[in-house]
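In: 3D, please:
(2 chains)
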Amino acid sequence: METTASLTQPQTRTESRPSRLWRITAIARNAFREAVRDRVLYNLVLFVLLLTAASIFIGELSGGQERKVIVDLGLSAMLLFGVFIAIFVGVGLVYKEIERRTIYAVFSKPVGRGEFLVGKYLGLCLTLLVNVLVMAVGVSLALLYVNRGWDPLIPTIWPAVLLIYIELMLLTAVALLFSSFSSPALSALLTFFVFIIGHFSADLKSLASSMGSTSARWLFNALYYLLPNLANYSFITPAAHGRSPGVGFVFASALYALVYIVVILAAATLVFGRRNFK
Amino acid sequence: MKMSERMKSMTLGLVVVLGLACAALLVGWTDTLRPPPDPNAIDESLYVNGKTARRISLGFNGLAADWYWMRSLQYVGKKILNQPGDVALDDLSKLNLKLLAPLLDTATTLDPEFLDPYEYAAIVLPAVDVQEAIRITQKGIAANPNAWRLYQHLGYIYWQQGDYKASSEIYGRGAQIPGAPTWMVAMKAKMIAEGGSRNTAREIYTRMFEESADDQVKDMARKHVLLLDSLDQRDVLRKVMQIFRDKTGRCPTSWTELREAFRVLSIPVDVNGSPVDPTGMPYVLNSGTCEVELNPKSEIPIK
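Out: Numbers count the residues shown, from 1 in each chain, chains lettered A, B, ... in the order given. Sure thing, here's the model as predicted:
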C-alpha cells in the first residue's frame, strides 16, 4: 500500500525545501497510482465489451442507426462511468488518508492542506483523463469498424468528449468538497444530487420565471446561477448527429468550469483547513 | 492440508458451475410453465411521456431516444411475427399498434434531430392513426426546418389520404429548402395535375426507395413499384385477352394461344410461354373469369 506520505518523504530529507508545485505534483502522481492500483481503470474492460457487443449486434436492432447508437452509447457510458469514478473515488480521496492515519504522516511534512487537496484532485483528474481518452479512442475504433472505414462522426465526437471531461472535473471537485467535511456515503449522495440538479438547471430557470412570488423567483434564480450548470456539458446527442459545439462555446464552458473548480477547491481548502484531526 | 484445500476449492468450483447450470434449467422450466401472453391483450401505456423522459434523462437523452426507437421497431416486429401471413409495412392497421405513436413521439421528443422515427411515423402510422402521423411529422419539421426529407414524408401522408392539394403545397415548401432535390418541384406540379395517377405513385415510391436508409422502407417502396409495374402489365394482358375474345368469341384456355401477340408486343414470357410479372413469376390465367391474376408465389403484394 502506497500512501501520500511515502511519496513526500524523500523530499523532506533534502536540504532545499521542494516547491509547492512539486509537492502538488507528487501528491497527484500518487493519487493516480493509487487509483490504478485500486483497479479503477478496470471499468475500461467493461466499456470495451459494451462497445464491441454494440458494434456487432446493435445494427440488427436499430434499423440501420448503429453509428448514432454507438456514439450515444459510447459517450453516455463515458459520462456514466466517469461520474461513478468521480463520485466514488472522489469521496474516498481524503477519507481513506484519514482512516489509514497516513494523513498525520503527510501533514508532519511541509505540505499544506490546500496543496494536499489540490494534489489529490489533480490525481483523480489524471485518472479520469486516461479513462476518457481510452474510451474516446474505443468509440472512434467502433465507428471505424461499423462504417468499414473512416467515419465523419469521428472528429465530431472529440469536442463532446472534451466537454464530458470538463463536467467530470467539475464533479470531482464537488465530491472532494463534500468529502472534506462529511462521511463518504453522505458525500457520494450529495455529489450525486449536485449531478442531478446540475442537469436540471434549465428547469430551475423556467421555474424561476413562472413563480408568482418575488422571493421564490429570487431563490430559484439564485439556485440557477449558483449551482453548477452541467447541462452546458451535454453535447452527446448533437455529436451523434455530426454537430460539434463552436470554439467559443467550448471556451466559455471551460472557463466557467475553471472558475467553479477554483471556487469549490478554495471552499474545500477552507473547510479542510479548519478540520481538527486530533 | 494442501490436498484438503485443493479439494475444498474444487468442490466450491463445482458448486458454482452446477449451481449456474441448475439455475439455467430452472429458468427454462419456469418459462414452460408461464402462461403465454394474450396477443389481443391491451398494451400497457408508457409510464412517462416524452417531455418527462427528456427532463429525467440527465443528459443521456440521445441514448434514451435510441432505446425508444429500438423499442418501436421491436414492438412492430413482434406484432408482425405474431400475425399469420405477410403484412405490408404501410398497412399495419390490423395489428393494434396502440403504443407506436407514443413510442415514436417519445423518441423524437428526446432527440428532435433523430430523423428516422419521423420517417417511420410517416410510413407506418397513417394506417394506425393518421392524425398522429401528421402531428409527429409536423413536429419534426418544426424541429428540423432544413430537413427536406420530412417534407417528402408529410407530402406522402397527404398523398395517401388523397389530399393532393396539401401534398402539393408541402412538396413545394420542401423544394425551397437549400439542398432539396429538383424532383421535389416536379412533384409539386404532379400532385396538382395527376395526384391519383399511377405515374405519381411510381414517382413517390421510386424516390422513397432512393432516399430512404431504412431497409424495411426500401423494401416496401420496391414492392409498391413492382406492384405498379405489374398493374400496367396486367392492363396490357387484359387488352390482349379482350382482342382474342372479340376475335374468337371465347376466352383463351392457355397462354400459348396468345404467344404471337406477346411476341409482337414484346411482353416478357417464361420458357412455357407464360407472361411473367416484374419479379419473373408467371401470371395465372383464370379462364373461367377471363382474368389475369398474380401468381400466389410472387412477392408482389396482392392489392
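In: going forward, measure contacts between C-alpha atoms and count neighbours the same way
Out: Will do.
In: can stretch A:189-199 be found next to chain B?
Out: Yes. Judged by CA under 8 Å from any CA of the partner chain, stretch A:189-199 comes into contact with chain B at A:196, A:199.
In: Which positions within that stretch qualify as buried?
Out: Neighbour counts over stretch A:189-199 (16 or more other CA atoms under 10 Å in any protein chain shown) mark A:189, A:190, A:191, A:192, A:194, A:195, A:196, A:197, A:198, A:199 as buried.
In: got the residues of the stretch 51-200 of chain A near chain B?
Out: Applying CA under 8 Å from any CA, one finds that the stretch 51-200 of chain A approaches chain B through A:61, A:62, A:63, A:64, A:69, A:72, A:73, A:76, A:196, A:199, A:200.
In: Among these, which one has the most neighbours?
Out: The most crowded member of these, judged by other CA atoms under 10 Å in any protein chain shown, is residue A:72 (27 neighbours).
In: Chain A contacts on chain B?
Out: Going by CA under 8 Å from any CA, the residues of chain B near chain A are B:55, B:58-63, B:66, B:69-70, B:73-74, B:111, B:113-114, B:213-215.
In: What subset of those is buried?
Out: Of the residues of chain B next to chain A, these count as buried by 16+ other CA under 10 Å: B:55, B:58-63, B:66, B:69-70, B:73, B:111, B:113-114, B:214.
In: Which single one of those is nearest to residue B:279?
Out: residue B:214 (21.6 Å; CA to CA).
In: That closest one against residue A:66, yeah?
Out: No. Taking CA atoms under 8 Å as the definition, residue B:214 is not a contact partner of residue A:66, at 11.8 Å.
In: In the chain, where is pLDDT below threshold?
Out: You didn't say which chain, so I picked chain A. A:1-17, A:59, A:278 (pLDDT under 70).
In: Please refer instead to chain B.
Out: Ranges of chain B meeting pLDDT under 70: B:1, B:37-44, B:303.
In: Spatially central residue in it, please.
Out: Ranked by distance to the mean C-alpha position of chain B (CA atoms, centre = their mean), the top residue is residue B:89 at 2.7 Å.
In: Let's verify it: helix, strand, or coil?
Out: Using DSSP: H, G, I helix; E, B strand; the rest coil, the structure places residue B:89 in coil.
In: isn't it right up against residue B:125?
Out: No. Assessed by CA under 8 Å, residue B:89 is found out of contact with residue B:125, at 9.6 Å.
In: Determine the number of other residues adjacent to residue B:84.
Out: By other CA under 10 Å, the residues close to residue B:84 number 7.
In: Next one: it from chain A, what distance?
Out: Counting by CA to the nearest CA, to the nearest Å, the gap from residue B:84 to chain A is 22 Å.
In: Could you check how far that residue is from residue B:78?
Out: Relative to residue B:78, residue B:84 is positioned 12 Å away (criterion: CA to CA, to the nearest Å).
In: repeat for residue A:188
Out: The gap separating residue A:188 from residue B:78 is 42 Å, by CA to CA.
In: do the same with residue B:200
Out: Applying CA to CA to residue B:200 and residue B:78 gives a distance of 33 Å.
In: Pick out whichever of the two has more residues nearby.
Out: Taking other CA under 10 Å, residue B:200 and residue B:78 do not tie; residue B:200 has more neighbours (17 against 11).
In: so that one sits right up against residue B:190, yeah?
Out: Yes. Residue B:200 lies in contact with residue B:190 (CA under 8 Å); the separation is 6.7 Å.
In: What residues does the residue nearest to the centre of chain B make contact with?
Out: B:123, B:124, B:216, B:217, B:220 (CA atoms under 8 Å, 6 or more residues apart in numbering or on different chains).
In: before we move on, which element is the nearest residue to residue A:245 once chain neighbours are set aside in?
Out: Among residues not flanking residue A:245 along the chain, residue A:159 sits closest, at 6.9 Å (CA to CA, 6 or more residues apart in numbering or on different chains). For residue A:159, the enclosing helix or strand under DSSP states H and E is helix A:153-179.
In: mind listing what's buried in that helix?
Out: Quick answer for helix A:153-179 (16+ other CA under 10 Å): A:153-154, A:156-179.
In: any idea how far that helix is from the chain center?
Out: For helix A:153-179, the separation from the chain centroid amounts to 5 Å (computed by CA atoms, centre = their mean, to the nearest Å).
In: List just the nearest of the buried residues of stretch A:189-199 to residue A:30.
Out: residue A:191 (23.6 Å).
In: buried sites along stretch A:22-39?
Out: For stretch A:22-39, by 16+ other CA under 10 Å, it's A:23-35.
In: ok, now stretch B:245-263?
Out: Result for stretch B:245-263 [16+ other CA under 10 Å]: buried residues B:251, B:252, B:255, B:258, B:259, B:261, B:262.
In: What helix or strand is the closest residue to chain B within the stretch 101-250 of chain A located in?
Out: Proximity of the stretch 101-250 of chain A to chain B (CA to the nearest CA) peaks at residue A:237, 4.7 Å away. Using DSSP H and E, residue A:237 maps to helix A:236-240.
In: list the contacts for the closest residue to residue B:298 other than its chain neighbours?
Out: By the measure of CA to CA, 6+ apart, the closest residue to residue B:298 outside its immediate chain neighbours is residue B:281, 5.8 Å from it. Residue B:281 makes contact with B:295, B:297, B:298, according to CA under 8 Å, 6+ apart.
In: does residue B:285 sit in a helix, a strand or a coil?
Out: When the rule is three-state DSSP, residue B:285 gets the label strand.
In: Chain neighbours aside, what residue packs nearest to it?
Out: The nearest residue in space to residue B:285 (CA to CA, 6+ apart) is residue B:292, at 4.9 Å.
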